[in-house]
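K.L.:
quick one, fold the following:
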Amino acid sequence: LDGFSKRAGMGFFAELATTTDFPSQPSRVETYKMHKFERDEDLEFAIVHGPGVFQIINLIDGTAVSPTIADANTDPAYDFWMSSKASSYINHANPSSTQLRLITIADTTFVLNTLRFPECIGASGANETINGDRMPMVLVRGTDGKWTLDAATWNERTYRQQIIVMLTQPPLPEFEYSPPTPGETTFTYKGVTSDGVAYNATAQEVEDVLEDMATIGAGKIECFGGPIHLHDIVINISPDLDPDKAEEMIIINSTTGGAWEIKRGDDLTNPAPRIIKDGLGINDISYYRNRLILAGDEYVVFSQVDDLFNFYAADPGIVLDSDPIEMALAAEDVTIVEFVLPHHDSIIVMTKSGQQFQLQESGGILSPGTTTITPSTRYETQGIKPVPLGDNIYFPGQHRGYSIIYEYQYRQDDISYKAEDVTKHVFDFIPPNMVTMDTSNNNEMLVCVPRNEVNEIPIEYVTRGGTLTRDWKDNDAWQVDGEEVVYSPQPWD
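P.N.:
Below is the predicted model:
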């Protein structure tokens, strides 16, 4: 206590900016959070976010910038342009500061609204495209120092596998149907049309006709399934056909012997993540071993390696180590993911049920065939994101009337985690409801911010001589429960 009294109190740093689109200052009855990120010692920033506020503060000079919302960035560009799509996303359902999750990877900051459910789109419900308007938005800083927050372009399902699907089956011969003669069904690829095939062509006949085309060539595709009038025909296309990835769809031309369409793969051979295609929601976002992590419901999914916006397999016919990974949590209880935290060459998954999970990798390889997530420990927690400090993780637990702070330790001998109550000697010291936690690695310090309602003053606003003011000086009056009370600022305020 003596040391604390000798330290300097808080001082003014920056006033949040206002614009036409974000005219309000932070409300005294809401909770706001700060996301800090830096590129080097000369480029350090913080995002302050919460109800009515989304601003970027330069931590070097204290300047703040608030976004201008527009459909398109103008010339000259806005200092901070937020697209209309981004504004719609981050304000959807009026999220609190805890319902917005931010993570910075290199020069890109992802902004996740946990209340906005994702979706896939595509012809005939094919789920071949991820709707970027419902996915985390991307914040970047240009070389001119101006900021952009906009929807990202997420990779679509590859063209490497295409499937001929019957829409309308032709009448059968026994019903006096005269089938079309061979040659009435053709295919087009990159402007070249194939010879015709019969309405009941086999997979091999379709393969032969396609490989005879100048834009495809021998040995570049493989077909199986069929015949075409009874079963789907799957067309696997060699990567050698389009080494520059200038991929296109094969077009099946109109026929008189039924109706077909060609799809880009399907949900069996190359599915989108379940939390996206089923609209289950994304509760947290993280990053591990060059993969973006999205977690929601009872699933944790990883993007392709070095391709953060790609959650489809590169080649549906071959499982690669670099392909996306989707894992379901398995336990006796319903285990809805709340937080995902990379730690100690692994991933820790915290769930709302109090069950913790740990990532297991066979041979130290993170791939679809070598990775599992298994239950590790069980501790009742609060909805506060765990924070790392050194080799340990800290998170708040629940107890009647007060909070417990757990130190989550990795035990090399057991190859597992165990939590210790580091507040056992002051068991009722920390109030029961936590707001946030943070750490200082340099000082080896854990900071816990509880919601201490006993000591809170229900302040509405500050007046000076009867006039509303934003700054606080000696003899200013605070409006408390409808009455004016004079409070002078103290060094600890």
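
K.L.:
who touches the longest helix anywhere in the chain?
P.N.:
Across the chain, the helix with the greatest residue count (assigned by DSSP state H) is helix 203-211. When contacts are defined by Cβ atoms under 8 Å, 6 or more residues apart in numbering, helix 203-211 is touched by residues 164, 187, 189, 194-198, 201, 216-228, 233-235, 250. (Each C-beta comes from the backbone N, C-alpha and C, glycine too.)

K.L.:
can you select the buried ones from those in PyMOL?
P.N.:
What follows is the PyMOL syntax for the buried subset of those, where burial is set by 16 or more other Cβ atoms under 10 Å:
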select buried, resi 164+187+189+194+196+197+198+201+216+220+221+223+225+226+227+228+233+234+235+250
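
K.L.:
the contacts of helix 203-211 in strands, which ones?
P.N.:
Using DSSP state E, 164, 187, 189, 221-225, 233-235 are the members of these that sit in strands.

K.L.:
tell me the one among the residues you listed nearest to residue 411.
P.N.:
For residue 411, the closest of the ones in strands among the contacts of helix 203-211 turns out to be residue 234, at 48.4 Å, with distances computed as Cβ to Cβ.

K.L.:
that closest one contacts residue 161, doesn't it?
P.N.:
Yes - with the criterion set as Cβ atoms under 8 Å, residue 234 and residue 161 qualify as a contacting pair; they are 6.6 Å apart.

K.L.:
overlap of the contact sets of those two?
P.N.:
Counting by Cβ under 8 Å, 6+ apart, the residues touching both residue 234 and residue 161 are residue 269.

K.L.:
partners of the longest strand seen in the chain, with directions?
P.N.:
Longest strand in the chain by number of residues (criterion: DSSP E): strand 402-411. Sheet pairing for strand 402-411, assigned by DSSP bridges, gives strand 392-399 (antiparallel), strand 416-421 (antiparallel).

K.L.:
export those to CSV and tack on mean pLDDT?
P.N.:
CSV is the format used below for these (pLDDT from 0 to 100):
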stretch, mean pLDDT
strand 392-399, 91
strand 416-421, 86
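
K.L.:
closest one to residue 447 among the ones you listed?
P.N.:
Each of the strands paired with strand 402-411 has some distance to residue 447 by Cβ to Cβ; the shortest is strand 392-399, at 10.1 Å.

K.L.:
and the closest one, what's buried?
P.N.:
Within strand 392-399, the residues scored as buried using 16+ other Cβ under 10 Å are 392-397.

K.L.:
wait, which of those is closest to residue 304?
P.N.:
Within those, the smallest distance to residue 304 is 27.5 Å, found for residue 393 (Cβ to Cβ).

K.L.:
run through the bridge partners of that closest one.
P.N.:
Residue 393 forms beta bridges with residue 388, residue 408, as assigned by DSSP bridges.

K.L.:
wait, doesn't it sit right on residue 348?
P.N.:
Yes - with contact defined as Cβ under 8 Å, residue 393 and residue 348 form a contacting pair (6.5 Å).

K.L.:
can you list residues touching both of those two?
P.N.:
In terms of Cβ under 8 Å, 6+ apart, residue 393 and residue 348 are both contacted by the residues 341, 386, 408.

K.L.:
could you measure the second one against residue 129, distance?
P.N.:
Residue 386 sits 34 Å away from residue 129 when distances are taken as Cβ to Cβ, to the nearest Å.

K.L.:
now swap in the first one and tell me
P.N.:
Separation of residue 341 from residue 129 (Cβ to Cβ) stands at 30 Å.

K.L.:
before we move on, back to that, compile the buried residues of strand 392-399 into JSON lines and extend it with columns for distance to residue 298.
P.N.:
As requested, those are exported to JSON lines (distance: Cβ to Cβ, whole Å):
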{"residue": "392", "distance to residue 298": "27"}
{"residue": "393", "distance to residue 298": "22"}
{"residue": "394", "distance to residue 298": "25"}
{"residue": "395", "distance to residue 298": "20"}
{"residue": "396", "distance to residue 298": "23"}
{"residue": "397", "distance to residue 298": "22"}
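
K.L.:
what about the helices in the protein?
P.N.:
Across the chain, reading from the start of the chain, the helices by DSSP H fall at 2-6, 84-90, 203-211, 274-277.

K.L.:
residue 438: how many residues sit nearby?
P.N.:
Counted with other Cβ atoms under 10 Å, the burial measure for residue 438 works out to 15 neighbours.

K.L.:
actually, residue 206.
P.N.:
26.

K.L.:
beta partners of residue 83?
P.N.:
On the basis of DSSP bridges, residue 83 takes part in beta bridges with residue 70.

K.L.:
residue 107: neighbour count?
P.N.:
Look at residue 107: counted by other Cβ under 10 Å, it has 12 neighbours.

K.L.:
which one is it nearest to, not counting chain neighbours?
P.N.:
If you skip the residues right next to it in sequence, residue 107 has residue 140 as its closest partner in space, 6.2 Å away by Cβ to Cβ, 6 or more residues apart in numbering.

K.L.:
that neighbour reaches residue 146, doesn't it?
P.N.:
No - counting by Cβ under 8 Å, residue 140 stays clear of residue 146, with 9.7 Å between them.

K.L.:
chain center to stretch 373-387: distance?
P.N.:
The offset between the C-alpha centroid of stretch 373-387 and the centroid of the whole chain comes to 20 Å, using Cα atoms, centre = their mean, to the nearest Å.

K.L.:
got it, and stretch 369-388?
P.N.:
Distance, stretch centre to chain centre, for stretch 369-388: 18 Å (Cα atoms, centre = their mean).

K.L.:
specify the angle between the longest helix of the chain and strand 221-225 in degrees.
P.N.:
150 degrees (axes from the mean of the first three to the mean of the last three Cα atoms, to 10 degrees).

K.L.:
buried sites along helix 203-211?
P.N.:
203, 205-211.

K.L.:
can you count the residues close to the nearest residue to residue 122 once chain neighbours are set aside?
P.N.:
Here the nearest residue to residue 122 in space, its sequence neighbours aside, is residue 128; by Cβ to Cβ, 6+ apart that works out to 3.9 Å. Applying the criterion other Cβ under 10 Å, we find 22 residues in the vicinity of residue 128.

K.L.:
which residues does residue 56 contact?
P.N.:
Going by Cβ under 8 Å, 6+ apart, residue 56 touches 45-47, 64-65, 80, 147.

K.L.:
and the gap between it and residue 294?
P.N.:
According to Cβ to Cβ, residue 56 and residue 294 sit 24 Å apart.

K.L.:
likewise for residue 420?
P.N.:
Relative to residue 294, residue 420 is positioned 31 Å away (criterion: Cβ to Cβ).

K.L.:
then residue 419?
P.N.:
Taking Cβ to Cβ, one finds residue 419 at 26 Å from residue 294.

K.L.:
one more: residue 147?
P.N.:
Shown here: residue 147 relative to residue 294, a distance of 24 Å by Cβ to Cβ.

K.L.:
between those two, which is the more surrounded one?
P.N.:
Higher neighbour count among residue 147 and residue 294: residue 294, with 26 against 20, using other Cβ under 10 Å.

K.L.:
list the beta-bridge partners for that one.
P.N.:
Beta-bridge partners for residue 294, by DSSP bridges, are residue 285, residue 301.
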